[in-house]
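Participant: have a look at this fold, sequence not included:
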């Protein structure tokens, strides 16, 4: 009897282990679509996982639909501007039937006032199996998920089997299994509440989108001009059924369903009219953010990452600002900022602000990095001995944006005028010890005493065209020796190296390289206070405050509003005024210009500010031309 019980217990234990192994294998062999800045990755696992973390009944609106939904709206930006909370549950090429089941899933824990469905769902046929899986697999196990699998996957056996039993397709992933499949979250939290943000601006079609391009036919007018016109809308016949079920579900729960078309060039007014005819039978009206009216102010040359099919970060900021105002103007929402039930939103907003600034800085790094470096050593010049040497050439593509910082170091030579010449300069506490340029190879040796009384031997060589650049202190080579301008910064207290850098201004890409020997806190270019900002003809009173991230807030003293770059994201925009919400649109860098002046650089879009007829205007930064500058006089 005992042996029989032992065998039964052993069999049950074996079955338990087998079931446990199968469940674990299903979980860990299923891909985890982690959020990243890779244009091919929408981060479905991270996004849907974040939804399940939302406290119950804390969302004012939901957004569902295909990729235009989560590439158009940033719920954290909407919250920053309005205090209204929402989440985007859209998926790649998400058809209406998938949207319906995600809405059902959401209503288990949330009771929003509004549900927005992107009209792109009306034209979607069955997308690729991979995209369906990305919409279905992240859903938590439940009867609703089984129903979703039945209705979303039954048209294809392979898809159905994989949705029910992921190991069916993904069993071979053991060969690429790694730690990241177990530790599924990376170190950086996902903060965007369903949005997928692309910090790029490029006119190219992503490889994953090539087969999603629409068919167009060419129409030639009488004058011979040709136009590519979208064909008639391929209306999905199932859309009416699933939209009807969605409306029933919303009506049962006292929710207003709002069809919307987020900005995209892959749409036209004829399609909007066809969709509206489709919606009239249900008593619904399309909110159309596309077309010539362009209510969100999209600049397609800068606000898209794939030739106008989807919006990038800049386009999403515009759409989110418009959407926040739209919500406030058309519904009676109240701001949840500071409410105890919404602590997670306030906490995430603080993290989002830092993350946004970091990502924008990396996007604009080719401009910012070298400008920050030279301005920071100029601001702290009283503490430094600065050594300079040129290899090959410094002047051909010298950025005029650095002239002010170079002059702040006491260097008088116009570095754009010494083409293919050798150049050596020494600046001590912002005062020139020596500077010289010459067509021939230069060597300079001297003794220098630090503030502790220690003596140091310094050797600088500049070979100009076709030779070397060496900067040595006490026999040790500190200079990087790259082509262009080489700089070494020495601490005046003890003669130790602080940093070395090189700027390849001999070529148009201005390659910048930096090596830090000491970590130093970025100094302030200007102290906090009230200033008169003047271009010589007009002036305005401003109050300047430096933030912890070494950016500046600039407020108009009369209105108390902060200068903002959140216009159309194109040259000629007026600088706007708005409340400070801690977002990148109101963050500025202040840099040295020549003759004791300064210039303003937008952290948001990398543009600079000029003054025209008393108004502040955004301009492109042309680094080889003189940058618009101002006198900032303390008052």
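Facilitator: Cool, got the structure. It should be emphasised that the depicted structure is a prediction, and the values quoted were computed from it without experimental measurement.
Participant: every contact and neighbour count from this point should use C-alpha atoms.
Facilitator: OK.
Participant: the closest residue to residue 511 other than its chain neighbours: neighbour count?
Facilitator: Closest residue to residue 511 in three dimensions, ignoring its sequence neighbours and counting by CA to CA, 6 or more residues apart in numbering: residue 504, at 4.9 Å. Residue 504 has 25 neighbouring residues, counting by other CA atoms under 10 Å.
Participant: residue 594 contacts residue 400, doesn't it?
Facilitator: No. At 10.0 Å, residue 594 does not count as touching residue 400 under the criterion of CA atoms under 8 Å.
Participant: next one: stretch 354-363 to chain centre, how far?
Facilitator: 6 Å (CA atoms, centre = their mean, to the nearest Å).
Participant: buried sites along that stretch?
Facilitator: 356, 357, 360, 361, 363 (16 or more other CA atoms under 10 Å).
Participant: how far away is the second one from residue 80?
Facilitator: Spatial separation of residue 357 from residue 80 under the definition CA to CA, to the nearest Å is 15 Å.
Participant: centroid residue for the chain?
Facilitator: Residue closest to the mean C-alpha point of the chain, counted by CA atoms, centre = their mean, is residue 199 at 3.5 Å.
Participant: quick one, grab the pLDDT at it.
Facilitator: You'll see residue 199 listed with a pLDDT of 83.
Participant: so what's it up against?
Facilitator: By CA atoms under 8 Å, 6 or more residues apart in numbering, residue 199 lies in contact with 37, 312, 313, 359, 360, 363.
Participant: quick one: secondary structure of it?
Facilitator: Three-state assignment for residue 199 (DSSP: H, G, I helix; E, B strand; the rest coil): coil.
Participant: again with residue 273
Facilitator: Following three-state DSSP, residue 273 is assigned to helix.
Participant: okay, now it: neighbour count?
Facilitator: Other residues close to residue 273 by other CA under 10 Å number 12.
Participant: contacting residues around it?
Facilitator: Neighbours of residue 273 in contact, by CA under 8 Å, 6+ apart: none.
Participant: again with residue 272
Facilitator: 286, 288.
Participant: that one and residue 282: what is the separation?
Facilitator: In terms of CA to CA, residue 272 sits 16 Å off from residue 282.
Participant: now residue 451
Facilitator: Counting by CA to CA, the gap from residue 451 to residue 282 is 81 Å.
Participant: likewise for residue 353?
Facilitator: For residue 353, the distance to residue 282 - CA to CA - is 41 Å.
Participant: between the two, who's got more neighbours?
Facilitator: Higher neighbour count among residue 353 and residue 282: residue 353, with 18 against 13, using other CA under 10 Å.
Participant: residues contacting the helix or strand containing that one, please?
Facilitator: Using DSSP states H and E, residue 353 maps to helix 343-363. Around helix 343-363, the neighbours that count as contacts under CA under 8 Å, 6+ apart are 76, 80, 191-192, 199-200, 337-338, 368, 582-584, 603-605.
Participant: next SSE after it?
Facilitator: Trace forward from helix 343-363 with DSSP H and E and the next one is helix 365-379.
Participant: tell me the angle that next one makes with helix 343-363.
Facilitator: In terms of direction (axes from the mean of the first three to the mean of the last three CA atoms, to 10 degrees), helix 365-379 departs from helix 343-363 by 90 degrees.
Participant: helix 365-379: how far from the chain's middle?
Facilitator: 21 Å.
Participant: for it, buried residues please.
Facilitator: Buried-residue list, helix 365-379, by 16+ other CA under 10 Å: 367, 368, 370, 371, 372, 373, 374, 375, 376, 377, 378, 379.
Participant: turn the residues you listed into a markdown table, including pLDDT and distance to residue 131.
Facilitator: Shown next, in a markdown table, are those (pLDDT from 0 to 100; distance: CA to CA, whole Å):
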| residue | pLDDT | distance to residue 131 |
| --- | --- | --- |
| 367 | 70 | 37 |
| 368 | 84 | 38 |
| 370 | 91 | 42 |
| 371 | 92 | 43 |
| 372 | 92 | 43 |
| 373 | 94 | 45 |
| 374 | 95 | 48 |
| 375 | 95 | 48 |
| 376 | 94 | 48 |
| 377 | 95 | 50 |
| 378 | 95 | 52 |
| 379 | 95 | 52 |
